[in-house]
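A.B. asks: Pasting the sequence and the predicted model now:
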Amino acid sequence: MSKDTPLPSAEGFEPRIVAFFCNWCTYTASDLAGTSRMQYAPNTRVIRVMCSGRIDPRFVLQTLREGADGVLLGGCRPGDCHYQSGNYKCLRRFKLLKRYLAQMGVENERVRLEWIAASEGDRVQKVTNEMVEQIRKLGHCRLEQIPRPETEPAAETHDLEQVGAGGMI
Amino acid sequence: MIMHRKSPEDQPRIGVYVCHCGVNIAAKVDVEHVRDFAASLPGVVVSRDYKFACSDPGQELIQKDIREHDLNRIVVASCSPQLHERTFRRTCADAGLSPFFFQMANIREHVSWVTVDPGAATTKARALVAAAVRRVARAEALALRQVPVRPEVLVVGGGIAGIHSALTLANAGKKVFLVEREPTIGGHMAQLDKTFPTMDCSACILTPKMSDVKNHPNITMWTYSEVDEVSGFTGNFKVKVRRKARYIKEELCVGCGDCVDACVMKKEKVQVPDEFNVGLSKRKAVYMPFPQATPACMVIDPKQCLQLMKGKCAQTCVDACERAAVDFDQTDEIVEIDVGAIVMATGFRPFDAKRIPEYGYGRFDHVYTTLEVERLVNASGPTGGEVVLRDGTVPKTVGVIHCVGSRDRRHNAYCSKVCCMAALKMAHLVKERTGAEVFDFYVDMRTPSKGYEEFYDQVLSEGVQFIRGRVAEVTDWAMTPEEEGKLVIRVEDTLIGVARRVPVDMVILAVGLEPQVDTAEMQRRFNISCSQEGFFLERHPKLAPVSTFTDGIFLAGACQGPKDIPEVVAQAGAAAAEALALVDRGHVDIEPNTAWIEEEACSGCKTCIPLCPFNAITRDEEKAIAVVNDAMCKGCGTCVAACPSGAAQQNMFTDEQIYEEIEGVLAYV
Amino acid sequence: MKYLYYPGCSLKGSGRSYEESLLASFKKLGVEMHELPDWNCCGATAYMAVDEMKAFALAARNLALAERYGDGEPVTLVAPCNACYLALMKVQKYMAEYDEVGRTISDALASADLSYRGGVRVRQSLDVLLNDVGLDLLAEKINHPLGQWKVACYYGCQAVRPFAPFDDEYNPMSMDHLMRSIGAEPVDWPLKARCCGGTLTGTIPTVGLRLSYIILREAIDRGANVVATACPLCQFNLECYQSQMGREYGEDLDMPIVYYSQLLGQALGIDDRSLGLQRHFVPLTAAAAVG
């Protein structure tokens, strides 16, 4: 986690949620919510993957450790997967992951898997709002306090920082 | 192949462009702030905001910066990558940069358009830009894959949209498969009597095109057939078509009708409602939908035929057929075809007027839908073109009701677009045939096309009475002796501000257009999207109106949304042209987002092999490792997520790239 | 069969015969009705028009009590009065669909140590008779079939609009089926679910009176000799203003207006007094003269 991240104060807590959306259905639905001007809570940050089957459970763990308070996974409805069955693979991993997270003390509501079809912009709105409210009640996720193992690839980002901040032209 | 000046080993020199999109983004997101924030990020050399990044000057600006500042990575924070990723990749490529050194941050659909608070929107935009910057630093130079494209095209649906698409493609020399699920092509247009506003006879302009389809050497026409399965991808679709058993040998039948005369279902009460005449007449178990049906071939309805249902019938049809075309042993046949492109032309279904019980359709005999009246006024229809009611009388007063099932929150909020003109056509035709007094109940009159408003004027001058108001109900509740035995239309006349009761003999409901019942099933089968109201969704409402989100599948006609015939034909031509552009090029570029195996890390555990839905992974027995067949991989990344040793990786979506993105969205609050 | 029962004010006052006949009939059919303890006004009519949120709070309190009564088990709350039925259905929908209503009402309930999580199924008694008791059981229990009645089944507006989970919004049939099962003959008429005038009979009498009159006139024209209703307000409007209508429209209207439950009770062999028939202004016996 970046050192210049200020610790959010307890009051006025705004949950930070990272969403992994599949390219074909949920990301498109999210675009549709935009083109339909459906207003919803600004707390999610969407990361696009081609298929919910690409969502490695480690992404979720890493996301929580980086300080996110919740993770939303979105894929095509059962039977609608662009790659036939990626969403089922995602579901399988998700169920296992949930048990693992429970053992780590992560509340059930923090990680959520939703099937959202390309036409369901309203569901993106509804699910996002719901999740933000739920997590607002739960408060911060404490997973980030678990120390990193030393072999973290984070060190590799070092070379980036040497380039320095580019000036605005 | 374009040569790229930059190699991935170069230190990142990133250019960030924050787009205003006019006011679409700038009115909500503080773009200057995001620009300055981006400038402070590691690796960013240039950071600018610009009114329209996708415009020519916007693209030129990026290209100039690439040259002058030696940029090797580009981030554009603007709209959805679904919309403009291709545009900006080309911008990069034209400036000599690998198109895959480009990353988009979606701060319009995902930020400015969905967020109330400008501060929160700006924060969110910053996070997405930070993620894109970190991700693009990890980008790799990749090359688009090219695969050959098959020259054949499949057209699904044989209404006017499918017919026009098929003929256009066939005339361009392409081989076309036209699949229609009914026993004949022609669709709804074949049921119409006249077409507005010119009042051409529908059959006269349609049937020549139907026989062109039948006789075209480049068209394979399969009626009474349905698409069962679609696999593959743009340029190389594999399609399974089910040719349903029609129990008549199509190659032998000449459509003479001797079998129909011979069929034992002689009594009207055992016959079934004729689909073509919308139930206004009856048909037997063996039938031809209408005299000009194409192919001119009979079909036996397995749900009515005694022989097929009970195995017990005198089989008089078999004896009557001189050409021995009747075949009770026929079964469904599955045909597999390979095509390069698909045109969806599956049409619409009329709104079921029973869903508005207050209009009494199905309860009162003299309430009709527009499609039923089309058959009534048609010279070859069940009454020979006479407008007579179900009790045999000729109506003296007729009420036409607009917006039935359309512009109604309870059913469909959208305007069905064709019903105002269809209603005016009905008013005109019924008045012409019967001399009846016609009342037309409209909500707003929508006649915006060539010659349409003039047609409305004409109908006005013919003396049809127009009443502006949404009809509350059609009832047989009479309050005065004049209303006895009539249907009373209750409506608020909004132009005079009075609630009125208008007694009539006949009511015509101008029903709207709805998606086909099985649209959701088709959507799955073809892997395309639907809009909220259930019609197939185009890739972009303005700039890609006949494309879908699945490359190689195009949309024609009312399956994309309500349209009248001129519009359907124009769109069908456009879909054909798009399909032609694809198959004529001979190859398609495919995203290089395939998976690959890092040999040293692979333990040969085989976890990935059964996960791949496309059988793209095999095991190299000699090296005891997994191998991905690049040509078969579709880039879902399921194997990558599953690999326990991290040996599987996906181009454009490597673990590192995604971790950078995760850290990016969370790092700078 | 066991249900929680919400009478509402009318069934304890002007619509007393509705309660008497309904409970007697249910008892005869072996259906247990337990009155919701400590119930209050449903918030309908005047309340709803003056301050919707307060009306919602009133209605929601009853739902909260019902849910608590259920103690975790699913609860069905039977509301025979159409106005109560609508008010309870409405608050349920609004609490679920509008966050602000949900929050405000939950806060209001919390101030009385109550909460509502949406676990109560509100049903009209007609729905219970038709779909739970069923026409088969009814047919079995009927021992005094009522062949003499040609019934205009009058549902009123609130039983089927906008919430009609058990019947058609414009041409409801459940009471018709019920009447047929007790041997009476329902007449086919188009005004089954039209407005009776509601509270307009009190506020703008000329309008209210006319609406009620239209209903009665059509029932007579269609050959009915009795009107059966499911709503205390409809019953009141149609019955109590008949003499006034007679003066206004120069017609002698002598139409008995009863609750469907009273006819059902008769068919089940319950005596008229237990069905509250003596409480009516137009006696049911006058009916034969009308037909």
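C.D. replies: Great, that's in hand.

A.B. asks: So B:Arg89 lies in a helix, does it not?
C.D. replies: Yes - B:Arg89 forms part of a helix when assessed by DSSP: H, G, I helix; E, B strand; the rest coil.

A.B. asks: Give the full set of residues in contact with it.
C.D. replies: B:Arg89 makes contacts with B:99-100, B:102, as judged by C-beta atoms under 8 Å, 6 or more residues apart in numbering or on different chains. C-beta: built from backbone N, CA, C; applies to glycine.

A.B. asks: pLDDT at it, what is it?
C.D. replies: With respect to pLDDT, B:Arg89 scores 95.

A.B. asks: ditto for the one 4 residues further on
C.D. replies: For B:Ala93, the model assigns a pLDDT of 94.

A.B. asks: and what of B:Ser406?
C.D. replies: You'll see B:Ser406 listed with a pLDDT of 97.

A.B. asks: Neighbours of it, how many?
C.D. replies: Counted by other C-beta atoms under 10 Å in any protein chain shown, the residues lying close to B:Ser406 total 24.

A.B. asks: That one contacts B:Ala353, doesn't it?
C.D. replies: No - applying C-beta atoms under 8 Å, one finds B:Ser406 not in contact with B:Ala353, separated by 11.7 Å.

A.B. asks: Show me where chain A dips below the pLDDT cut-off.
C.D. replies: Along chain A, segments meeting pLDDT under 70 span A:1-11, A:144-169.

A.B. asks: Stretch A:56-73: end-to-end distance?
C.D. replies: From its first residue to its last, stretch A:56-73 covers 11 Å (C-alpha to C-alpha, to the nearest Å).

A.B. asks: Could you look up the SS state of B:Ala499?
C.D. replies: With three-state DSSP as the basis, B:Ala499 sits in strand.

A.B. asks: Equivalent analysis for B:Ala203, please.
C.D. replies: With three-state DSSP as the basis, the three-state label of B:Ala203 is helix.

A.B. asks: Helices along the stretch 1-150 of chain C, start to end?
C.D. replies: C:16-28, C:46-50, C:52-70, C:82-97, C:99-110, C:125-128, C:134-141 (DSSP state H, counting those that start in this stretch).

A.B. asks: residue with max distance from the center of chain B?
C.D. replies: Among the C-alpha atoms of chain B, the one most distant from their mean position (C-alpha atoms, centre = their mean) is that of B:Pro481, at 50.9 Å.

A.B. asks: where does that residue land on pLDDT?
C.D. replies: pLDDT for B:Pro481: 93.

A.B. asks: for the one 10 residues further on, same thing?
C.D. replies: Confidence at B:Val491, expressed as pLDDT, is 97.

A.B. asks: I'd assumed it was in a strand, is it?
C.D. replies: Yes - per three-state DSSP, B:Val491 lies within a strand segment.

A.B. asks: How about the contacts made by the spatially closest residue to A:Ser36 that is not a sequence neighbour?
C.D. replies: Spatial nearest neighbour of A:Ser36, excluding adjacent residues (C-beta to C-beta, 6 or more residues apart in numbering or on different chains): A:Gly121 at 5.1 Å. A:Gly121 is in contact with A:29-36, A:38, B:532, counting by C-beta under 8 Å, 6+ apart.

A.B. asks: and if you look at B:Gly58?
C.D. replies: B:17, B:19, B:50-52.

A.B. asks: which of those residues are buried?
C.D. replies: Buried subset of those (neighbour count, 16 or more other C-beta atoms under 10 Å in any protein chain shown): B:17, B:19, B:50.

A.B. asks: Closest to chain A out of those?
C.D. replies: Chain A has its nearest neighbour among those in B:Tyr17, at 11.7 Å by C-beta to the nearest C-beta.

A.B. asks: Counting only helices, which of the buried ones among the contacts of B:Gly58 make the cut?
C.D. replies: Using DSSP state H, no member of those falls within helices.

A.B. asks: ok, so of these, who is nearest B:Val227?
C.D. replies: Nearest to B:Val227, judged by C-beta to C-beta, of the buried ones among the contacts of B:Gly58 is B:Cys19 at 40.8 Å.

A.B. asks: which residues does that closest one bridge with?
C.D. replies: In this entry, B:Cys19 is beta-bridged to B:Tyr50, by DSSP bridges.

A.B. asks: hang on, isn't it packed against B:Arg48?
C.D. replies: No - look at B:Cys19 against B:Arg48 with C-beta under 8 Å: they stay out of range, at 9.8 Å.

A.B. asks: Need the buried ones from the contacts of A:Gly121 selected in ChimeraX.
C.D. replies: The buried residues among the contacts of A:Gly121 can be selected in ChimeraX (16+ other C-beta under 10 Å) with this line:
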select /A:29,30,31,32,33,34,35,38
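
A.B. asks: Restricted to strands, list the contacts of A:Gly121.
C.D. replies: Among the contacts of A:Gly121, no member falls in strands (DSSP state E).

A.B. asks: Now that we have the contacts of A:Gly121, can you turn them into JSON lines and tack on distance to B:Val270?
C.D. replies: Formatted as JSON lines, the contacts of A:Gly121 follow (distance: C-beta to C-beta, whole Å):
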{"residue": "A:Ala29", "distance to B:Val270": "50"}
{"residue": "A:Ser30", "distance to B:Val270": "55"}
{"residue": "A:Asp31", "distance to B:Val270": "55"}
{"residue": "A:Leu32", "distance to B:Val270": "50"}
{"residue": "A:Ala33", "distance to B:Val270": "54"}
{"residue": "A:Gly34", "distance to B:Val270": "57"}
{"residue": "A:Thr35", "distance to B:Val270": "54"}
{"residue": "A:Ser36", "distance to B:Val270": "52"}
{"residue": "A:Met38", "distance to B:Val270": "54"}
{"residue": "B:Gln532", "distance to B:Val270": "44"}
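
A.B. asks: Out of the contacts of A:Gly121, which is nearest to chain C?
C.D. replies: Nearest to chain C among the contacts of A:Gly121: A:Met38, at 14.8 Å, using C-beta to the nearest C-beta.

A.B. asks: ok, now which ones touch the nearest residue to the closest one once chain neighbours are set aside?
C.D. replies: Counting by C-beta to C-beta, 6+ apart, A:Gln125 is the residue found nearest to A:Met38 once chain neighbours are left out, at 4.4 Å. Applying C-beta under 8 Å, 6+ apart to A:Gln125 gives the contacts A:33, A:38-40, B:114.
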